[in-house]
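> Generate a structure from the sequence data that follows.
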Amino acid sequence: MLHIVKAIRTIYHDVVNKQMPMVAAGLSYNFILSLFPLLILAAAIVSFVPIPNLFDRVVGALATVIPEEGMDVVQSVLRDVLQTRRGGFMTIGLLGTLWSASSGFVGLIRALNIGYEVPEGRPLWKRRLLALQLAFTTGLLLVLGVVAMFVGPEFGEWLARKIGAGYVFARIWPALRWGVSVVFIVLAIELIFFWAPNVKQRFFASLPGAMLSAIFWIFASFALGMYFQNFAHFNKTYGTLGAAIALMVWLYWSWFIILLGADVNAHLLRARGSQLPLKWPVPRTVDPMADTTTHN
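Below you'll find the model as predicted:
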């Protein structure tokens, strides 16, 4: 019991000292600009799955984790953008979309370095490529997680035909899909913790923080949805801005939870040694806590 109290106290001090609320707010702003390019990219990926109206159903399923007011904004913007870009996803425009979607992950890389208390030694071009990798990979995994959770038994039948699993797999899929969905979400967060910070670590070393973040994120998303629906009435206070503010609140708590998971991982890694090994060392002449560095 004393160990739990000590851990909670340590995390509380980290929240204050590392200014996690302010960092989460900054990430929310960055990702509000990246959210729609990410969803457009998801539409391009999902279009290759031979299930009618799959993307519409995935967007509808997002309403279970994104507050209803915020989801109205998402659906409205997506409807307008997808109509103007219909049929042109797999073109040079997709590269621009992927670039825009990765911009939020550039800020996430910086935020996780703060969480792990390590300097950023990687050059800008390497961070941008890493952000593109994170945007594509985690976006794909989260789409697969939502698909697995909400598309229903027909997806299990289609997957059974593709992998040759047969009738038994199709029958157990309705129960299996919930576990598969959670695995995809955990894996997406795990890859963020493994790739983004400038820390050399084993893949499974960051798994505890990823599992905690996934569990708390799912719980917080449903809790916020109930809070917005039954108690908070942003439209009465902020008028037409209420939906956008609800979306920002959801993003804020989502990234705050991710930062807490990173902090847990950092403490577990330091328990094995006082200093964390860096993927890309920083020259001694550079301020070790500076975010951008120059390399000779």
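> From here on, just use CA atoms for contacts and neighbour counts.
OK.
> Pull out the buried positions in stretch 190-209.
Neighbour-count burial for stretch 190-209, counted by 16 or more other C-alpha atoms under 10 Å, picks out 190-199, 201, 205-209.
> helices and strands around the helix or strand encompassing L176, which ones?
Following DSSP states H and E, one finds L176 within helix 167-195. Where contact means 3 or more C-alpha pairs under 8 Å, 6 or more residues apart in numbering; DSSP states H and E, helix 167-195 is packed against helix 124-150, helix 153-163, helix 207-230.
> rank the ones you listed by pLDDT, which is bottom?
Lowest mean pLDDT within the helices and strands packed on helix 167-195: helix 153-163, at a mean of 69.
> So for W280, which of the helices and strands packed on helix 167-195 sits nearest?
If you check each of the helices and strands packed on helix 167-195 against W280 by C-alpha to C-alpha, helix 124-150 wins as the nearest, at 10.5 Å.
> Need the contact partners of stretch 202-220.
65, 182, 185-187, 189-190, 193-194, 253-254, 257-258, 260-265, 269 (C-alpha atoms under 8 Å, 6 or more residues apart in numbering).
> now with 6 Å?
Applying C-alpha atoms under 6 Å, 6 or more residues apart in numbering, the contact partners of stretch 202-220 are V186, I189, E190, I257, I258, G261, V264, N265.
> Next up, the contacts around the first one.
So the one you mean is V186. A210, M211, A214.
> Show me which of these is closest to Q275.
Distance to Q275 across the contacts of V186 (C-alpha to C-alpha) is lowest for A210, with 21.3 Å.
> how close does the closest one get to W173?
For A210, the distance to W173 equals 25 Å [C-alpha to C-alpha, to the nearest Å].
> So for the two, which residue has more residues nearby?
A210 (29 against 21; other C-alpha atoms under 10 Å).
> ok so, going back, can you pick out the most distant pair from the buried residues of stretch 190-209?
The most distant members of the buried residues of stretch 190-209, if one measures by C-alpha to C-alpha, are N198 and P208, lying 18.4 Å apart.
> thinking again about what came up before, using a markdown table, lay out the contacts of stretch 202-220 together with distance to N30 and pLDDT.
Listed next are the contacts of stretch 202-220 as a markdown table, based on distance: C-alpha to C-alpha, whole Å; pLDDT from 0 to 100:
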| residue | distance to N30 | pLDDT |
| --- | --- | --- |
| V186 | 22 | 92 |
| I189 | 18 | 93 |
| E190 | 21 | 94 |
| I257 | 16 | 95 |
| I258 | 15 | 94 |
| G261 | 20 | 94 |
| V264 | 24 | 91 |
| N265 | 24 | 91 |
